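A.B. asks: Here you go, sequence then predicted model.
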Amino acid sequence: MEKKGACMKLRHKSQMLIIVSTVALAVLFSLIALPLSRSNSLNVLTEQGRMAADMILLSVSHATGESNPHHRMAHIKGLAGIPDLKQAHVIASKTVVKQMGIDTTGRDPVTAEEMQVISTGTAYENMTYSINGVRFHNTIPYIASARGVTNCLGCHDAGEGDVLGAVSLEIDATGQFYTAITYIAGAVLLFGLFGLIITLILRHLLKPVELTTAELKQVVALAEGGNFSNRITKYSDDEIGDIAERTNHFLDTLENSIGSIASDVDTLLSHHKFTEADNLLNTTVSVVNTMAMVSRFKQVIENDRTLEDVYLRFQILLEEQFKFKRYSFYEAAGLNRALNLIFKGGVPQEDSLWCNREITSNCDFCRASRTAHLCSSVGELSICHSFAGNSFDQQERLYHICLPIMLSGSVGGILQLVFSAEERSMVESDLPVLEAFMHEAAPVIESKRLMKSLKESSMRDPLTNLYNRRFLEEYVGTLTSGISRRKSQIGVVMCDIDHFKHVNDTYGHEVGDDVLKGACEIMMQTVRGSDIVVRLGGEEFLVLLIDSSEEGALMVSERIRAQLEEHQFKTAQGAINKTMSLGVTLFPSDSDDFWECVKRSDVALYQAKRTGRNQVIRYVEGMQSDD
């Protein structure tokens, strides 16, 4: 019905345009033709009347020449044979009647119009319309003149230009009137026929436009719902057909592109498979927005100062973003991997937990921690015997889902969600998004936990407050296992301040210490919160860029070099500038052995020193050190 309505609307517009144009042309033609026809008829009738009047004048003159003025009536009666001449009579002026002694008894009375013609010498014309027909009345004055065929002054006692009389004629113009009407009616009919023909032709020409428009409307409506499978039929080889082809090509491109996006989205959301009922565009946009939100969350927690700040932000996320009311988060720590409660929500009793307290001493009592897989009581109520949510005095049955956070290949924490049957659909729909947040937060939590552990173990350089070599040796296994699990990379950057010994020799060790601390500040401000800067000894540093690409590692290294070069170190002897040389490798791209990557970064650093200093050199196969 919608398609038909669209066609009818366009067809009616075109037909209405043709009908209005045809009627307007017919009316305009009639308005022009009728006055022209009347004017032409008047001219013809006037000329006909003039000719009749001239014949009557000759007849009267002939009769006068025979000295028998009464003979003129016989000549006038002879004019009755003239076509369409219904009546004719002569009116003599008073001067002529008196001179010629004309008897006016029994003659037709003289009308006011005829008297006006005799008195003014101006002809009178008038057209009358009645049921009996159309009549043309014409009264023509006779003017005395010595010129021409008849010398009026020879017979009449009158001067040049005097009015001797008039002839009054009545001509039947009915035939001419109906002839003109017939011609005009025929022309109007021709206009109507022309309009009908144009309508049929235009309808034929506009049919592809109407059909294409209707199909385009339908295709766009389906595309708005995420269905790009419909196509437009090509009805002509003109611009309309080109529009149909281009639209189909555009739909092909959309279908292929969105289909690829849908496949990627299916990969991201493995729990959901798109069906024809899904709005692919809206769903894809929603997923992209969610991914952007997750990425922003990771950026925020990377810049949080402590691990406690990260946990607090995660709790706020659960309450404000996901609207969860009941939850717990445990951190797995210690040699026996006991679960330490970090935060909880919605527990009926302040000192109680959603699980039995035995899990806090031994994580093996927690099924999610023991199996390192999601644990849900939706399908199996007693799947985990440590769950204590239904031991409280509440009217509704509660369910739980426990999600492990994997850190360096092992369980680093457990997020527990507790919900009622009414809340089940909301929790299950939000679960994939929550898992995405947890996945992105995992390396940040791991990095923050490592930093916290380092702080607690005093694994920092006392001068620069950077991590020292002991940290690197103790935690390199944890770092590399996490990178291997995520199939990511570490940018290994060896850094050395150029001619640092000259600073100590020239300005003293106190200035040298200031330069070291200033260089450390520049490096810490340049790298991300999840990256690690280690002082190996003296003026030599190692920067570990977690989850970095080769391009990113080189970019950060160059930024460190440039900012150090621009920085001025204040001393008692004045400001000094220093430069830095850097060597870059990638673990495990350059080597599966982390320490081999460190060694190769040192080789690239030596190459930077040997070829001019103050530069970043990427290690390539074949580089040699001076060893």
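C.D. replies: Looks like it arrived, so ask away.

A.B. asks: where does the chain have its least confident helix or strand?
C.D. replies: helix 71-78 (a mean of 49; mean pLDDT, DSSP states H and E).

A.B. asks: Enumerate the positions of the helix or strand following that one that are buried.
C.D. replies: Counting by DSSP states H and E, the element after helix 71-78 in chain order, helix or strand, is strand 85-92. Within strand 85-92, the residues that count as buried by 16 or more other CB atoms under 10 Å are Leu85, Ala88, His89, Val90, Ile91, Ala92. Yep, even glycine has a C-beta here, placed from its N, CA and C like the rest.

A.B. asks: do the same with stretch 607-623
C.D. replies: Gln607, Ala608, Lys609, Asn614, Gln615, Val616, Ile617, Arg618, Tyr619.

A.B. asks: what's the span of it from first residue to last?
C.D. replies: 8 Å (CA to CA, to the nearest Å).

A.B. asks: go on, stretch 129-138?
C.D. replies: Terminal-residue distance, stretch 129-138 (CA to CA): 15 Å.

A.B. asks: buried sites along that stretch?
C.D. replies: Result for stretch 129-138 [16+ other CB under 10 Å]: buried residues Val134, Arg135, Phe136, His137, Asn138.

A.B. asks: Equivalent analysis for stretch 172-191, please.
C.D. replies: Asp172, Ala173, Gln176, Phe177, Ala180, Ile184, Val188, Phe191.

A.B. asks: pLDDT on that stretch, on average?
C.D. replies: Here stretch 172-191 scores 77 as its mean pLDDT.

A.B. asks: for stretch 288-304, same thing?
C.D. replies: 88.

A.B. asks: With stretch 505-523 instead?
C.D. replies: So the average pLDDT for stretch 505-523 ends up being 93.

A.B. asks: Quick check: Phe587 touching Gln489?
C.D. replies: Yes. Contact status for Phe587 versus Gln489: in contact at 6.5 Å, counting by CB atoms under 8 Å.

A.B. asks: Looking at the two, which one has more neighbours?
C.D. replies: Phe587 (27 against 20; other CB atoms under 10 Å).

A.B. asks: and the more buried one, what is it in contact with?
C.D. replies: Thr480, Ile483, Gln489, Ile490, Val492, Phe594, Cys597 (CB atoms under 8 Å, 6 or more residues apart in numbering).

A.B. asks: let's see 10 Å
C.D. replies: Residues in contact with Phe587 (CB atoms under 10 Å, 6 or more residues apart in numbering) are 476, 479-480, 483-484, 488-492, 544, 548, 593-598, 600-601.

A.B. asks: Could I have the buried ones of those as PyMOL selection syntax?
C.D. replies: Filtering those down to the buried ones (16+ other CB under 10 Å) takes a single PyMOL command:
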select buried, resi 476+479+480+483+489+490+491+492+544+548+594+597+598+600+601
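
A.B. asks: Now, the contacts of Phe587 that are in strands?
C.D. replies: Among the contacts of Phe587, the residues falling in strands (DSSP state E) are Ile490, Gly491, Val492, Leu544.

A.B. asks: Dump those to a markdown table, plus distance to Ser257 and pLDDT.
C.D. replies: A markdown table is the format used below for those (distance: CB to CB, whole Å; pLDDT from 0 to 100):
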| residue | distance to Ser257 | pLDDT |
| --- | --- | --- |
| Ile490 | 35 | 95 |
| Gly491 | 33 | 95 |
| Val492 | 38 | 96 |
| Leu544 | 38 | 96 |
